[in-house]
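In: Following is a predicted model, sequence given first.
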Amino acid sequence: MFHLSNKTELDNILKKVLSGGRLDDGGLLFLLEEKDGKAVKEIYSAADTLNFRINSGNVSYVVNRNINFTNICGLNCKFCGYKRTKNSKDAFLLGYDKILEKISEGRKLIGIDEICVTGGINPELKSNPDYYFGLIKAVRNNFPELHIHAFSPQEIYELAETTGKSYAAVIEKLVGCGLNSMPGTAAEILAKETRRKICPEKINTAAWVEIIKTAHMLGVKTSATVLFGHIESNEDLVYHLSLIRQIQDETGGFTEFIALPFISAKTSLGKLVPREAVADDNGVLKFYAALRLYLDNFKNIQTSWPKIGVTAALKSLECGVNDFGGTLMEENITKSAGGKFGEYLSEGEITNLIKRAGKIPVRRDTLYNYININA
Ligand code: SF4
């Protein structure tokens, strides 16, 4: 039963947002806690209206390839099913030749505009930080036009530690080698206590924020992310999103917000807390809608088809989402955690899906410049 006082509060919140007002943290918490089916539909409708005002019916995507350069990692994040130790049978650290071969293949087969380079925090590379700089240089020398989106704040932290340089000096050196932008991953959940529980060895919130702001100040754009649907509370999510919105107010350096639902199947956290963000009205979709209503300084909210599947990703386009993400080609991290929705969608498949949802597919680059409208 939709309680009357709640109905009034919801009406007030949605009216405020739709007339250009900023949703406060209490309002966001209210949306996250709302469970009534009719109310949730109203939240979707408001998010859809707002999204249409900002992005018309355009749904963008990027033609890219993931390059996971190593799965060996010295950290032990509890939500991770990807990491291996050095002696695992399937452990790897790719040499530059292999990386260049994968990029060539991506260029030839699907005409990628971007590579997204991510990996584990490989202890072997502590004594060889040049691997990171050399990787970017090798790619840049061989593919002058390619957008290189690489290395999370965790890797910047590790490089600063091992080289004795400041975060700014590390980022500047990477840019000098050919880096274009960075993923805003390793954010996971920025609420401190929950962060300590799920990834105790990762950089703390203050370091993540400092590295991101440093990148933005140097003109290096990043994405913003959250890992949700595990043991976090709604208050944790409010804290996280409030921090992200503040940073965006200060720097304007985030290109998009990517909400990553926790995939529990093959992770230690999943065994402890057998719960997963479900793409229903009280899970992922309502969260996407709340993001659109709260993050008034973000033009782009991205869905995550490898984690929630294509059907739910299409539904999310009616809940405030305007970006379908990438073709990915070799998405190993979700797959390793037990994700069951595949690791590649062709450009044709993506554009057909977007059209089927009644929207206009737009091929974009990493920084959201439109390359081809109605592709
Ligand atoms: S999430 Fe990344 S840093 Fe954490 S254990 Fe997995 S590979 Fe390592």
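Out: Nice, I can see it.

In: could you say what helices and strands the helix or strand hosting residue 238 packs with?
Out: Using DSSP states H and E, residue 238 maps to helix 234-251. Other helices and strands packing on helix 234-251, by 3 or more CB pairs under 8 Å, 6 or more residues apart in numbering; DSSP states H and E, are helix 25-33, helix 205-217, strand 222-228, strand 254-261, helix 284-294. Every C-beta, even on glycine, is put in place using the N, C-alpha and C of the backbone.

In: Pick the most deeply packed of these.
Out: Ranked by mean neighbour count under mean count of other CB atoms under 10 Å, the helices and strands packed on helix 234-251 are led by helix 284-294, which reaches a mean of 26.

In: okay, the angle between that one and helix 234-251?
Out: Angle, helix 284-294 to helix 234-251, by axes from the mean of the first three to the mean of the last three CA atoms, to 10 degrees: 40 degrees.

In: Helix 284-294 packs against which elements?
Out: Against helix 284-294 (3+ CB pairs under 8 Å, 6+ apart) you get helix 4-18, helix 25-33, helix 37-55, helix 234-251, strand 254-261, strand 301-302, helix 310-316.

In: Not counting its own residues, what contacts the third one?
Out: Applying CB atoms under 8 Å, 6 or more residues apart in numbering, the external contacts of helix 37-55 come out as 2, 6-7, 10, 14, 17-18, 31, 34, 281-282, 285-286, 288-290, 292-293, 299-301, 318-322.

In: how does it look with 7 Å?
Out: Contacts to helix 37-55, defined as CB atoms under 7 Å, 6 or more residues apart in numbering, come from residues 2, 10, 14, 17-18, 31, 34, 281, 286, 289-290, 292-293, 299, 318-320, 322.

In: Which of the helices and strands packed on helix 234-251 sits closest to the ligand?
Out: Closest to the ligand of the helices and strands packed on helix 234-251 is strand 222-228 (CB to the nearest ligand atom; 9.2 Å).

In: distance between the closest one and the chain's centre?
Out: 4 Å (CA atoms, centre = their mean, to the nearest Å).

In: Report whether it contacts the ligand.
Out: No. Strand 222-228 does not reach the ligand (CB under 6 Å from any ligand atom); its nearest approach is 9.2 Å.

In: For that strand, the averaged confidence score.
Out: Averaged over strand 222-228, pLDDT sits at 97.

In: What of stretch 78-86?
Out: Mean predicted confidence for stretch 78-86 is 93.

In: what's the first-to-last distance across that stretch?
Out: End-to-end distance for stretch 78-86, by CA to CA, to the nearest Å: 18 Å.

In: For the closest residue to residue 191 other than its chain neighbours, give me its contacts.
Out: Nearest residue to residue 191, sequence neighbours excluded (CB to CB, 6 or more residues apart in numbering): residue 236, at 3.6 Å. Residue 236 makes contacts with 189, 191, 194, as judged by CB under 7 Å, 6+ apart.
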